[in-house]
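> Return atomic coordinates for the entry below.
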Amino acid sequence: MKRHLVRARGALGALWLVAAGCDPGNSRLLSLHMADDQRSAARQRWNTVRGDVKTHLAEEHLRAGRIKDAEQVLDEALQLSPTDAKVYLLAARLRLGQGRLADAREAIDMAASLDTRDPEILYLAGLIAQRYGDLAGAHDHFARAVTLGPRVAKYLSAQAEVLVALDRPVDAQELLAPRLVDFDQDVGLRILAARICRILGLRRPVVDYCRDAVDIGGREPSLLAELGAALAWAGRPREAIDVLSPLVEAASADGAPAESSEVEAPGVATEPSVYHDLARALLDTNQPARALRVLQTMLRTDGASDISWHLFARASAEAGDVDRATEALSELKSRGALTIETQLLAACVASQRGDWKQAEVHIEDVLRRDAKCADAYCLLARVAEAQGDHARAWATCQKALSIDPNSEVAGLQYDLLSGGTGAFDDALEVRLNGGTEWSIDVTATAPGGTP
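The predicted structure is shown next:
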């Protein structure tokens, strides 16, 4: 140990003598070497400064959409700062925006090798992994970004969204819900939480999150539209009407003042979904005439989408305007847009006309596509009963109940066919937009042993 210490002291003494100029043979060489090092360090510092300037300039070009300028300046920044992770991060953003995934991944890998603590690098790595379809890898990147940047909302949002994409909505909600208090003014996270709760079928939280978003966002029209859609979905159509009516009325030149409104008309509604949600809410509250007025406006403004025509046919049927409902259904047929729900609606309209044969044709079309549609069996029972075929009506009603024991329509029809005081036709009107399908298996037995 002493020997090592003496040697260390001797080495330090020799170094001091050289530094003090006591070794004339080496002093000039040493001074030249130190000067070169200083010039190199100064040059490196200057290049670093220039590289930072170039990086910021490239970022401004990219933000403004000047892609060619961004590329040129970024190349210069890479030459000046070849070990700066931020330059490679920007390069990855640029390449990702251009759809050059391989180049983006190469750049982000280089950035990650130079800096393992920057959450933005991890976030972008997650986005690139998502584009490659590597959802598990994307989640790992986002989770690490959240750990390193716990107060950045977009990292948390990205992790929750990828959990949903991984079919893990429960995990997404458990991740998001306790963190919302940390982002008490963030609208986007609350809308995301509402949409996840909607996937989970949690009605009250969906509405609560949307209301919070509206309160934070200053009753902005798009947020009100989201709230209205949530209320309609949650089975609260009258509240949905209060929220959505002012939006539609503000967008209509001849819109009448709202009869009852939770909000003042805040601006023009431009999204077709606002009209559709309002029309559904009006139909759910037995107001087909008002729904028709909303949909007529929609048909003039949204290019007559399939959804608009379907709702228009439904509203016409519920308003008793069979001819207009038939015309709307013909339009849907010409578009090749006869979905199961539309076929069920067409069967109802045919029944309203007393065209039982055509009603059965539509029902059979539904059953070929899905043999387990309880609503279709209910409608087939209605058609059979109208033609006096009580046994067939009973059998198809039994089939509907075997498929969906909780079917309100089938239960009322069962009561009617059993000699009770059912109101099958009224119940069926509520289900004109139902989405289940049917099959024609009439093996059950009617009351009294009738085959």
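> Need the phi and psi values for the spatially most central residue of the chain.
With distances taken as C-alpha atoms, centre = their mean, residue 195 lies nearest the centre of the chain, 7.0 Å away. Residue 195 adopts backbone torsions of phi -70, psi -40, taken as degrees, to the nearest 10.
> so what's it up against?
residue 206 (C-beta atoms under 8 Å, 6 or more residues apart in numbering). In short, each C-beta sits where N, CA and C put it, glycine included.
> Do a quick rundown of the helices in the stretch 51-200 of the chain.
67-80, 85-97, 101-114, 119-131, 135-148, 153-165, 169-176, 187-199 (DSSP state H, counting those that start in this stretch).
> pLDDT of the last one, averaged?
Think helix 187-199. Mean pLDDT, helix 187-199: 98.
> Ok, stretch 99-108 next?
On average, stretch 99-108 scores 95.
> same deal with stretch 314-333?
pLDDT averaged over stretch 314-333 gives 94.
> end to end, how far does that stretch reach?
15 Å (C-alpha to C-alpha, to the nearest Å).
> How about stretch 282-294?
Note: stretch 282-294 ends 9 Å apart using C-alpha to C-alpha.
> What residues of that stretch count as buried?
282-284, 287-288, 290-294 (16 or more other C-beta atoms under 10 Å).
> ditto for stretch 88-104
Buried residues in stretch 88-104 (16+ other C-beta under 10 Å): 88-96, 104.
> Spit out the contact partners of residue 347.
359-360, 362-363, 366, 376, 379, 383.
> Present those residues as JSON lines; the columns should include neighbour count, secondary structure and pLDDT.
Formatted as JSON lines, the contacts of residue 347 follow (neighbours: other C-beta atoms under 10 Å; DSSP: H, G, I helix; E, B strand; the rest coil; pLDDT from 0 to 100):
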{"residue": "359", "neighbour count": "23", "secondary structure": "helix", "pLDDT": "94"}
{"residue": "360", "neighbour count": "19", "secondary structure": "helix", "pLDDT": "94"}
{"residue": "362", "neighbour count": "25", "secondary structure": "helix", "pLDDT": "94"}
{"residue": "363", "neighbour count": "30", "secondary structure": "helix", "pLDDT": "94"}
{"residue": "366", "neighbour count": "28", "secondary structure": "helix", "pLDDT": "94"}
{"residue": "376", "neighbour count": "32", "secondary structure": "helix", "pLDDT": "92"}
{"residue": "379", "neighbour count": "30", "secondary structure": "helix", "pLDDT": "91"}
{"residue": "383", "neighbour count": "23", "secondary structure": "helix", "pLDDT": "92"}
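> Make JSON lines from these and add distance to residue 412 to it.
Below are those laid out as JSON lines (distance: C-beta to C-beta, whole Å):
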{"residue": "359", "distance to residue 412": "19"}
{"residue": "360", "distance to residue 412": "21"}
{"residue": "362", "distance to residue 412": "22"}
{"residue": "363", "distance to residue 412": "19"}
{"residue": "366", "distance to residue 412": "20"}
{"residue": "376", "distance to residue 412": "16"}
{"residue": "379", "distance to residue 412": "13"}
{"residue": "383", "distance to residue 412": "16"}
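> what's the spacing between the residue nearest to the centre of the chain and residue 164?
8 Å (C-beta to C-beta, to the nearest Å).
> do the same with residue 213
Taking C-beta to C-beta, one finds residue 213 at 18 Å from residue 164.
> So if I had to pick from those two, which one is more boxed in?
residue 213 (25 against 17; other C-beta atoms under 10 Å).
> Return the residues in contact with that one.
187, 190-191, 194, 223, 226-227.
> List the buried residues of stretch 69-87.
70-71, 73-74, 76-78, 80-81, 84-87.
> show me where pLDDT drops low in the stretch 151-300 of the chain?
The model of the stretch 151-300 of the chain has pLDDT under 70 over residues 252-270.
> sorry, back to before: is it possible to get CSV of the contacts of residue 213 that adds distance to residue 209?
Listed next are those as CSV, based on distance: C-beta to C-beta, whole Å:
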residue, distance to residue 209
187, 10
190, 5
191, 7
194, 4
223, 11
226, 9
227, 9
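> which of those lies closest to residue 173?
residue 194 (10.4 Å; C-beta to C-beta).
> mind putting the contacts of residue 213 in a markdown table, neighbour count and distance to residue 123 included?
Shown next, in a markdown table, are these (neighbours: other C-beta atoms under 10 Å; distance: C-beta to C-beta, whole Å):
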| residue | neighbour count | distance to residue 123 |
| --- | --- | --- |
| 187 | 20 | 20 |
| 190 | 26 | 21 |
| 191 | 22 | 20 |
| 194 | 23 | 23 |
| 223 | 22 | 26 |
| 226 | 26 | 25 |
| 227 | 27 | 30 |
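> Pull the most distant pair out of those.
187 and 227 (11.7 Å).
> Tell me the one of the buried residues of stretch 88-104 nearest residue 395?
Once C-beta to C-beta is applied, the member of the buried residues of stretch 88-104 that ends up nearest residue 395 is residue 96, at 60.2 Å.
> In contact with the residue nearest to the closest one when sequence neighbours are not counted, which residues?
Excluding the flanking residues, the one nearest residue 96 by C-beta to C-beta, 6 or more residues apart in numbering is residue 104, at 4.2 Å. Taking C-beta under 8 Å, 6+ apart, we find residue 104 in contact with 92-93, 95-96, 128.
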